[in-house]
Structure formats: C-alpha cells, structure tokens
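Q: okay, here's the prediction I keep looking at, along with the sequence it came from:
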Amino acid sequence: GTIHTITMDDSTSMHVALNYQPVGWDVTNLDKMQGIGLVCGVHNGNTPLTDIQTAGELEGYFYDINSQEKNAIYSGDEMVIKRYRFAGIGGVCGLVAGRLDAGNQTMRAIGEPATILSQVENFLNIADATSVKNTAMITGNSMVGGIAGNIWFMNQTVNTDTPIIENCANEGIIHLQGEKFNLVAMGDDLTTGEDQFLEDSNDRIKADNCFGGGIVGFLHQGSVKACTSIPGVSDAQFLSAAGDETLFGEEKIYPGGIPMTNAHHFLEQYLTGNFVGGVAGCVVDGELRDCITTEGGYVLGNDEVGGLVGYLASNSKNHNERLSGSKELQNGCYVVGHSDVGGIVGSNRAGNTIQKCVNEGVVVGRGRNIGGIAGRNIGDQGNPAMIDNCTSEVFDYDNSIYHLVAEVWQMYGDNAGGLVGFNEYGKVTRSDASKTNVSAIVVGKHNVGGVFGMAGVGTKFDFKNYTLDGGEVYALFDNAGGYIGVNLSEDAL
C-alpha cells in the first residue's frame with residue numbers, strides 16, 4: 001500500500017522538542033528511534049509516501065543530543081559514525097531507516113517517478129510533476145531536511161533504479177539552529193592545508209547544529225534521484241530582507257571598515273549550521289543522481305556548505321564517493337556561508353570525484369575557502385581529490401552580482417576561486433580532453449583567483465582545457481590572479 005494525497009497550507013505550525021535517547025543499531029529498535037516530521041516521525045521505508053504537499057513551519061529540537069554519557073554506545077574508528085545519531089527532523093519524515101540483509105535496495109520510501117504525461121504537463125506549466133513537495137520552513141538543531149532529516153540504511157547496495165527518494169522538491173528554508181562552532185578554526189593550517197576533516201578530530205563528534213539539506217540532512221547509503229531544491233524561493237519576506245541594502249545602524253563589517261547593511265545583518269542569523277547542502281548536508285556511501293538546485297533559492301550555513309552537498313564522506317576504506325549523473329548536475333542557488341563554501345560541494349576529499357557539474361549560482365563566504373565548484377578540494381599524495389568536466393557559468397553583464405556580493409551582502413573571504421577555493425593534492429581536469437570556458441564573479445579579501453584561490457602542494461590543473469571567459473576577480477586586500485591567487489604547487493603551472 002501507499003500513504004498519499006496529503007496537502008497542508010501555510011497555517012500549519014508544528015513545534016516539538018524531544019529528549020534524545022540513543023539506541024544501538026538493530027532493526028527491532030526502529031520504534032525506539034526518534035524523528036520529527038510533518039507527516040511522520042520515523043519511517044521504515046516499506047510503505048511509499050507520495051502525492052504530498054507540506055507547508056507552514058516546523059521547528060524541532062533534540063535535547064542532550066551531544067551528551068557524552070548518552071552517546072557512549074557509539075564506538076569505532078570512523079568519526080562519521082561517531083557523529084551519527086538515530087534521529088532526524090524533516091518536512092515530510094524525520095528519520096527513514098532500514099536494514100536490508102539481502103544487500104539490495106528494493107523499495108522507494110518517498111516519492112515516485114514522473115510519468116511522461118506529468119513531465120509534459122510540467123514543461124507546459126499546466127501541472128507540477130513533483131510527487132512530494134515541501135514549502136515549509138524547517139528549523140532544528142541536528143539532521144534537518146526539507147523532505148527527510150535523516151536517511152540511514154545498512155547492508156545494501158546503492159540502486160539508482162529504485163532510489164530511496166525520487167522526484168521530490170523543496171522550497172522551504174532549511175535552518176540549523178543549535179550551538180554554533182567553527183569547524184575550520186579547529187587545528188587547521190592555512191598555509192599547508194593540513195585541516196582536520198570530519199573523520200579526524202575528536203572535537204568534531206558533536207552532532208548539534210550539523211547536517212542540513214534541502215532534500216535530506218544526512219544520507220547513509222541509498223540513492224536520491226531526480227530531486228530539485230530551491231530553498232526560500234517562495235518566501236517573499238525572506239527574499240526582501242536578504243536584499244535590503246539600507247544601513248544597519250553604525251556597525252562596521254571590519255574595524256574601521258564599511259558600514260553594515262540590513263541584508264548582511266539578516267543573513268548572519270542563518271549562517272550557523274555545519275555540513276549544509278542544497279540537496280544533502282552529508283553523503284556517506286550514498287549517491288545523488290540527476291539532482292539540481294535552481295535559480296532564486298538560498299543555501300545557508302556556517303562551515304562545509306555546498307550548493308548540492310555540504311560534505312562528501314565515506315565510511316568504507318574501499319569506497320569512494322562519486323557525484324555525477326546521466327545529465328549535468330547543476331547549482332543555481334545563492335550559496336552563502338563562512339568557510340569551505342562551494343557551488344557544488346563544500347569539501348571534497350581524497351579519492352572522491354565530482355564529475356560533470358556546473359555552477360550557475362553566486363557563492364560567497366566571510367571566512368575562507370570559497371569556490372565555484374568546491375570550497376576545499378584536498379586529497380592525499382597518490383590519492384587525489386578529483387574534479388572532472390566541471391565548470392562555472394556566472395555572468396555579470398550589469399555589475400549587479402558584484403554589487404550584491406560586495407556592497408549589499410558584504411561577504412569577503414580568503415582563498416576564493418572560480419572553481420576551487422583551496423586545493424591540495426587535488427586534480428582539476430577534463431577527462432574528455434575538450435575545452436571549456438570558466439566564467440566566475442570572485443570577490444574576496446586575500447588570495448583570489450579565476451580558478452583557484454590558493455593552489456597548494458600537489459595541485460594539478462589542465463590549463464590547456466580551461467579558458468577564462470569574462471567574469472571578474474576582485475581582492476579587497478592582496479593576491480589576485482586571473483587563474484590563481486597564490487600558487488604553492490610545482491605542478492599547477
């Protein structure tokens with residue numbers, strides 16, 4: 001059977017707080033797991049949810065989700081798993097969980113494929129082909145998503161023919177609102193790029209204020225297919241406040257610097273959560289396929305913020321993530337954060353590949369490592385982080401984008417690049433050996449370039465396949481270059 005034909009209006013309002021209680025992984029413990037959702041809290045995925053429209057607002061909170069005593073149950077070598085909590089806050093479902101011992105995903109939990117007729121009706125603007133849509137603003141302190149806050153499956157092979165979520169859309173703002181902390185400030189070295197990644201630091205096991213996505217906050221295994229996210233596009237009040245360039249009192253952006261605008265002050269309250277993506281906040285051993293974010297939406301967070309994915313990770317020593325699709329994956333949203341902010345991915349790590357992606361959105365950050373494709377692209381010696389057949393297509397014919405970034409939002413960061421903010425042991429190439437144009441509006445404080453903000457040790461780049469086509473590179477202080485702001489690699493040039 002299915003659960004279907006549910007419609008909510010803007011008067012819907014749900015505010016829920018739960019005391020977090022951890023459970024060990026066992027399918028028999030599903031009823032003890034915790035989720036907060038407008039349709040259902042916890043969903044085992046065996047009954048498809050479709051033809052659903054959620055609206056209004058949802059605010060959820062889990063108390064004691066970072067309690068060391070409560071989370072002593074979690075152990076192991078992988079910090080992603082140590083960070084994990086069996087809980088979620090979502091516009092449709094809070095937590096979707098299951099265990100498939102046969103090793104194959106066989107059901108679709110949320111949504112259904114678009115038919116040829118519905119696709120034609122959608123193209124003609126007669127009807128919406130989306131099977132499930134959320135327009136509600138979703139706020140929470142951990143694992144927050146427009147459709148599902150958390151998707152956790154075990155012992156399964158990712159099956160793109162039967163995805164966990166398919167043909168869903170989100171137009172609601174996703175706001176992580178918990179205890180704020182800066183990931184990039186934790187023991188990293190700006191000059192060498194020896195940053196502590198998600199798996200490396202015991203200081204990072206806090207789940208509070210982490211994992212937010214337009215479709216799903218945290219995805220462990222399973223496939224999300226043909227989904228669209230445009231957070232905030234239908235919120236007229238939000239859009240007006242985000243573009244308000246009148247001055248906010250006499251406060252300055254920098255000591256002795258430019259006066260603060262109302263837009264800057266307004267957006268700051270949303271730049272709180274870590275691991276935030278337009279589609280998924282964090283993907284572990286899973287896949288996003290044929291998913292896009294489109295023009296007019298806002299992806300907002302603090303560190304590890306991406307137009308499509310905040311952070312690509314792997315829980316398996318032998319499994320590397322690949323972000324690709326049968327068609328180009330695109331970001332058209334505004335992506336605004338603090339550090340490690342990218343048009344496609346906030347951070348890409350060793351062995352992972354970002355392939356056939358195009359950024360058409362404006363990407364800004366006020367900290368460091370801001371890039372049109374990836375804010376940070378860092379691999380290991382002999383195991384690079386790969387960006388293949390990707391480009392940025394952001395044009396500013398009337399100077400409106402520069403005005404928005406520099407004068408209205410007033411967002412200036414270090415290491416800002418048209419494709420990558422900070423790159424180390426990372427390779428940017430075109431496997432099809434074709435040429436492509438890069439057009440980006442890059443605004444920053446220090447180390448600003450049309451391709452790389454900072455090219456660290458082990459950077460490899462196919463200059464012959466990339467041509468700068470228009471765009472603008474502007475450094476508020478020093479180190480601006482057409483291709484590279486600062487080069488520390490013997491292999492980049």
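A: Received, thanks. Numbering: from 1, shown residues only.
Q: these two touch, right, residue 417 and residue 459?
A: No. Assessed by CB atoms under 8 Å, residue 417 is found out of contact with residue 459, at 10.9 Å. C-beta coordinates here come from the backbone N, C-alpha and C atoms, glycine included.
Q: so those two - more neighbours on which side?
A: Neighbour totals were compared for residue 417 and residue 459, and residue 417 leads with 38 against 26 (other CB atoms under 10 Å).
Q: quick check: closest non-adjacent residue to the more buried one.
A: Once flanking residues are discounted, residue 417 sits nearest to residue 453: 3.9 Å by CB to CB, 6 or more residues apart in numbering.
Q: if I look at the one you found, how far off is residue 469?
A: The gap separating residue 453 from residue 469 is 19 Å, by CB to CB, to the nearest Å.
Q: also residue 268?
A: 33 Å.
Q: just residue 108 next, same as before
A: 41 Å.
Q: pLDDT value on the residue nearest to residue 417, please?
A: On the pLDDT scale, residue 453 is placed at 96.
Q: can you confirm it is in a strand?
A: Yes. The assignment for residue 453 by DSSP: H, G, I helix; E, B strand; the rest coil puts it in a strand.
Q: surely it meets residue 420?
A: Yes. If you go by CB under 8 Å, residue 453 and residue 420 touch, sitting 7.3 Å apart.
Q: now do the shared contacts for the two.
A: residue 371 (CB atoms under 8 Å, 6 or more residues apart in numbering).
Q: any chance you could map the helices in this structure?
A: Counting by DSSP state H, residue ranges of the helices within the chain are 79-83, 116-123, 236-242, 262-268, 400-402.
Q: residue 16 - how many residues pack around it?
A: 15.
Q: residues contacting it?
A: By CB under 8 Å, 6+ apart, the neighbours of residue 16 are 36, 59-61.
Q: show me the strands in the stretch 151-300 of the chain, by range?
A: 165-166, 168-170, 174-176, 210-213, 216-220, 223-225, 228-229, 247-252, 259-261, 274-277, 280-284, 287-289, 292-293, 298-300 (DSSP state E, counting those that start in this stretch).
Q: which phi and psi values does the residue lying closest to residue 483 once chain neighbours are set aside adopt?
A: Nearest residue to residue 483, sequence neighbours excluded (CB to CB, 6+ apart): residue 451, at 4.8 Å. Backbone torsions of residue 451, given as degrees, to the nearest 10, read phi -120, psi -60.
Q: I figured residue 451 hits residue 473, correct?
A: No. Residue 451 is beyond contact range of residue 473, at 9.8 Å (criterion: CB under 8 Å).
Q: these two: who's more crowded?
A: residue 451 (29 against 23).
Q: so how far is residue 409 from that one?
A: Where residue 409 is concerned, residue 451 sits at a distance of 23 Å (CB to CB).
Q: how about residue 219?
A: Applying CB to CB to residue 219 and residue 409 gives a distance of 29 Å.
Q: also residue 484?
A: Taking CB to CB, one finds residue 484 at 25 Å from residue 409.
Q: between these two, which is the more surrounded one?
A: residue 484 (26 against 23).
Q: look up how far residue 442 lies from the more buried one.
A: Noted for residue 484: a distance of 11 Å to residue 442, by CB to CB.
Q: overlap of the contact sets of these two?
A: 417, 449, 453.
Q: before we move on, back to that, out of residue 453 and residue 469, which sits in the busier spot?
A: Taking neighbours as other CB under 10 Å, residue 453 and residue 469 compare with residue 453 leading, 35 against 15.
Q: isn't residue 135 right next to residue 172, touching?
A: Yes. In this structure, residue 135 is within contact of residue 172 by CB under 8 Å, at 5.3 Å.
Q: compare the two (neighbour count), which wins?
A: Using other CB under 10 Å, the more surrounded residue of residue 135 and residue 172 is residue 172, with 30 against 24.
Q: contacts only, for residue 408.
A: Going by CB under 8 Å, 6+ apart, the list of residues near residue 408 reads 243-245, 261, 263-264.
Q: could you dump those to JSON lines with distance to residue 212, neighbour count and pLDDT?
A: Below are these laid out as JSON lines (distance: CB to CB, whole Å; neighbours: other CB atoms under 10 Å; pLDDT from 0 to 100):
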{"residue": "243", "distance to residue 212": "23", "neighbour count": "14", "pLDDT": "95"}
{"residue": "244", "distance to residue 212": "24", "neighbour count": "15", "pLDDT": "96"}
{"residue": "245", "distance to residue 212": "27", "neighbour count": "14", "pLDDT": "94"}
{"residue": "261", "distance to residue 212": "25", "neighbour count": "21", "pLDDT": "94"}
{"residue": "263", "distance to residue 212": "21", "neighbour count": "22", "pLDDT": "96"}
{"residue": "264", "distance to residue 212": "21", "neighbour count": "23", "pLDDT": "94"}
